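Trainee: show me the folded form of this:
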Amino acid sequence: MSSRSRVELLVGILAVLALTALSLVAVAFLGPQRDGALTYRAGCAAPALAGTVVNVAATDMGGPMMGGPGRQGAMRLTADKATVPHGTVGFVLANAGRYAHELVILPLPGNQIAGTRPVGGDGKIDEAGSLGEASSTCAEGAGQGILPRSTGWVTVDLRPGRYELVCNFPGHYAAGMYTQLTVT
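Mentor: Okay, here's the model as predicted:
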């Protein structure tokens, strides 16, 4: 092996090592940083919302989306409250995952169980009857999705009943991104 080949090989090895170290540092500083059960340090914070506030965490493993009613999937929506009083309710969605997510609030009719809505060919459920959504990065209301390490929020008036909180991006509901909220 010539000395030029040895130098090129050494430079290549050093470049791989440097990039690996840089990647590890980036993951350590830029990955989801968990402060508590549902609190993630996000790129932006929601303002003070009126009424009862429900904090919701959107998490994903960054892997294949699988699951369904048994919730074996790699994605979750988790709320810090299962029951709230009727009236004004603010929802703050903190995206602690690797993909963009949203929060859609849907009434849960009759005896229907959360996570059992039919999924269409586009990988989404029917949003007819939605009472609101948080899908805007660092802002209130509808948008194109809440980016990783960011938040979005929405405030709605809810009557007593059962509601399903969902992420309706293609494949996310079927992967386990739903939870139930009871309003008394």
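Trainee: just confirm R6 is within a helix.
Mentor: Yes. R6 forms part of a helix when assessed by DSSP: H, G, I helix; E, B strand; the rest coil.
Trainee: i'd like the first residue to be 50 from this point on
Mentor: Yes, from this point I'll number from 50; that puts the last item at R55.
Trainee: once you drop chain neighbours, what's closest to D109?
Mentor: Leaving aside its chain neighbours, D109 sits nearest to G146 (3.6 Å; criterion: Cβ to Cβ, 6 or more residues apart in numbering). The C-beta positions use only the backbone N, C-alpha and C, and glycine is treated the same way.
Trainee: do I have it right that that neighbour meets A123?
Mentor: No. Contact criterion Cβ atoms under 8 Å: G146 and A123 do not qualify, at 9.4 Å.
Trainee: show me which of these two is the more surrounded one.
Mentor: Between G146 and A123, counting by other Cβ atoms under 10 Å, G146 is the more crowded of the two (24 against 17).
Trainee: give me the element the more buried one is part of.
Mentor: For G146, there is no enclosing helix or strand under DSSP states H and E.
Trainee: please report the distance of it from R55.
Mentor: Applying Cβ to Cβ, to the nearest Å, the value for G146 to R55 is 45 Å.
Trainee: could you check the pLDDT of the residue nearest to D109?
Mentor: Looking at G146, its pLDDT reads 90.
Trainee: give me every residue that touches E151.
Mentor: L142, E182, A183, S184, G194, I195, G201, C216, N217, F218 (Cβ atoms under 8 Å, 6 or more residues apart in numbering).
Trainee: quick one, phi/psi of S52?
Mentor: Dihedral pair for S52: phi -70, psi -30, per degrees, to the nearest 10.
Trainee: number of residues surrounding it?
Mentor: Residues within reach of S52, counting by other Cβ under 10 Å, total 7.
Trainee: can you give me the helices in this protein?
Mentor: 52-79 (DSSP state H).
Trainee: point out where it drops to low pLDDT.
Mentor: Residue ranges of the chain with pLDDT under 70: 58-91, 111-122.
Trainee: mind giving me the domain split of the protein?
Mentor: The record's domain parsing of the chain by automatic domain parsing lists 50-79, 101-232.
Trainee: name the nearest residue to V203, ignoring sequence neighbours.
Mentor: A183 is the one closest to V203 (Cβ to Cβ, 6+ apart), at 4.2 Å.
Trainee: fine by me, we can end here.
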